[in-house]
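Trainee: Quick one, structure for this:
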Amino acid sequence: MGAFEYDAVGVAVESQPKVPGSTSEGFMMSHAYPNPFSKRSSFTLVVSETQKVRVEVFDLLGRRVQVLNSDILKANIPYDFEIEGHNLPSGVYIYHAIGETFKATGKVILTR
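Mentor: Sure thing, here's the model as predicted:
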């Protein structure tokens, strides 16, 4: 679960928890949120070095169902990626990011 922080006017906002990995390790990738989801879920990826990064989504049988990125990501810039659920059946999906200096995975559950 995420932690709660207070913004400048005192309203509680939920911050997203992080998957293991930090920019000191070459990357930081957040958990997908919301999770479980019914329409779309998103996560953030930051790399510490500019590099080509491929971000894909797979079903549990290992079939690629979405390619979210296959381009260069610049260092220390947060990139948001959305997993679209409208053309997918309910189930568990793995999102995978692989760059020149790191690999990271996360899991999301699509419910209808």
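
Trainee: From now on I want contacts and neighbour counts done on CA atoms only, so please keep to that.
Mentor: Will do.

Trainee: dump the residue contacts of the closest residue to Ser70 other than its chain neighbours.
Mentor: Leaving aside its chain neighbours, Ser70 sits nearest to Arg54 (4.4 Å; criterion: Cα to Cα, 6 or more residues apart in numbering). Arg54 sits next to Val67, Leu68, Asn69, Ser70, Asp71, Ala97, Ile98, Gly99 when contact means Cα atoms under 8 Å, 6 or more residues apart in numbering.

Trainee: My guess is the second one contacts Glu56. True?
Mentor: So that's Leu68. Yes - contact criterion Cα atoms under 8 Å: Leu68 and Glu56 qualify, at 5.6 Å.

Trainee: coming back round to it: downstream of the host helix or strand of the residue nearest to Ser70, the next helix or strand is which one?
Mentor: Assigned by DSSP states H and E, Arg54 falls within strand 51-59. Using DSSP H and E, the helix or strand that follows strand 51-59 in sequence is strand 64-73.

Trainee: how many neighbours does the residue nearest to Pro36 when sequence neighbours are not counted have?
Mentor: Closest residue in space to Pro36, ignoring its immediate chain neighbours: Ile109 at 4.7 Å, by Cα to Cα, 6+ apart. Here the number of neighbours of Ile109 (other Cα atoms under 10 Å) works out to 17.

Trainee: So Ile109: helix, strand or coil?
Mentor: strand (DSSP: H, G, I helix; E, B strand; the rest coil).

Trainee: That one pairs with what?
Mentor: Beta-bridge pairing for Ile109 (DSSP bridges): Val92.

Trainee: so where's this structure uncertain?
Mentor: 1-25 (pLDDT under 70).
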